[in-house]
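Trainee: Attaching a predicted model along with its sequence, questions to come.
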Amino acid sequence: GAAALAAAPRTPPGRLGLPHDSLIRKLGAMDRTRLRATFDEVAELYDRARPGYPRAVLDDLIALAGLERRSRVVEIGPGTGQATVPLAERGLDVTAVELGESLSEVAARNLARFDHVDVVRADFESWEPPRRDFDAVVAFTAFHWLDPATRVERCARLLRRGGSLAVVKTQHVTPEGGDPFFAEVQDAYVRSGEARAAPIDPDDVPDLAPELGVGGWFEQPEVRRYVWEEEYDADSYVAVLDTYSGHRAMPPEVRGELYREVRELIGGRRIRKAYLAILHVARRRS
């Protein structure tokens, strides 16, 4: 959903938001595989805690990609269906390829009412699709987990000519006027052995347009940015933290103490967490 934000362990991914793509690039295949598998440990919590995406992101994706009812779409790493459900509600034929056994089971349950959605449990990077003429390949907060050396070409090879690759990159950000909680909580992270995270201005987060142009597979992408806030109390905020790969990778006693401090700092108030989504839609060259 709307902003899967990984908070990072002692390995590179950035704590307040998703692992920065440049840092994820530096992870070896084993580290990427290990971290991305952590989501499956908490599939039911992931389903309850992760927010969805703003309607405008889905509407703009469909418009920019030229999709219609029954357009054939592959979704990479749907999780439990945070974006798959609204895609299905718009009438798209979706093949959702999910690595995690538990996540795919929850996704299948959430999508059972749609006869035009197929949840496939597989690793997208080795998946052999039944066809290679899809109208779109989409990834919501999942593209960064794929091998940087091959992900653009792999997506391109699944598309018909003129088909679209749509990638939504998400990031926790600290816009002007944002909640001071995220500066206040840094001391707790330092005590847990993490580096202090600097504020992230939404305008400073780079898009993926340069990467999507590599290899000449795609036209110059259309790029759109969206900033929004979600509110959390102490319980719901700790719940969403507990779905982030970086927190999942912490030693249990360190994670538990961090969550105790986070709860104490929030107390009885509600905090506002700001999210940035960057939508990229690139047409495959004909």
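Mentor: Sure thing, it's come through. Numbers count the residues shown, from 1 in each chain.
Trainee: need the longest helix for the protein.
Mentor: Assignment by DSSP state H gives helix 252-266 as the longest helix of the chain.
Trainee: Quick check: next helix or strand after it?
Mentor: The helix or strand immediately downstream of helix 252-266 is strand 271-283, counting by DSSP states H and E.
Trainee: Now do that next one against helix 252-266: the angle between them, please.
Mentor: Interaxial angle, strand 271-283 versus helix 252-266 (axes from the mean of the first three to the mean of the last three Cα atoms, to 10 degrees): 110 degrees.
Trainee: and strand 271-283, what does it pack onto?
Mentor: Packing partners of strand 271-283 (3 or more Cβ pairs under 8 Å, 6 or more residues apart in numbering; DSSP states H and E): helix 55-65, strand 159-173, helix 209-212, strand 222-232. In this view, the C-beta of every residue, glycine as well, is placed from N, C-alpha and C.
Trainee: between these, which gets nearest to residue 76?
Mentor: Closest approach to residue 76 among the helices and strands packed on strand 271-283 (Cβ to Cβ): strand 159-173, 8.9 Å.
Trainee: for whichever helix or strand comes after the closest one, what is the average pLDDT?
Mentor: As assigned by DSSP H and E, the chain's next helix or strand after strand 159-173 is helix 181-184. Here helix 181-184 scores 96 as its mean pLDDT.
Trainee: sorry, back to before: tell me which residues of the longest helix of the chain come out buried.
Mentor: 254-255, 258-259, 261-262, 266 (16 or more other Cβ atoms under 10 Å).
Trainee: Format the helices and strands packed on strand 271-283 as JSON lines; extra columns: distance to residue 200, mean neighbour count and mean pLDDT.
Mentor: Converted to JSON lines, these look like this (distance: least, Cβ to Cβ, whole Å; neighbours: other Cβ atoms under 10 Å; pLDDT from 0 to 100):
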{"stretch": "helix 55-65", "distance to residue 200": "19", "mean neighbour count": "18", "mean pLDDT": "98"}
{"stretch": "strand 159-173", "distance to residue 200": "5", "mean neighbour count": "23", "mean pLDDT": "97"}
{"stretch": "helix 209-212", "distance to residue 200": "19", "mean neighbour count": "16", "mean pLDDT": "98"}
{"stretch": "strand 222-232", "distance to residue 200": "11", "mean neighbour count": "16", "mean pLDDT": "97"}
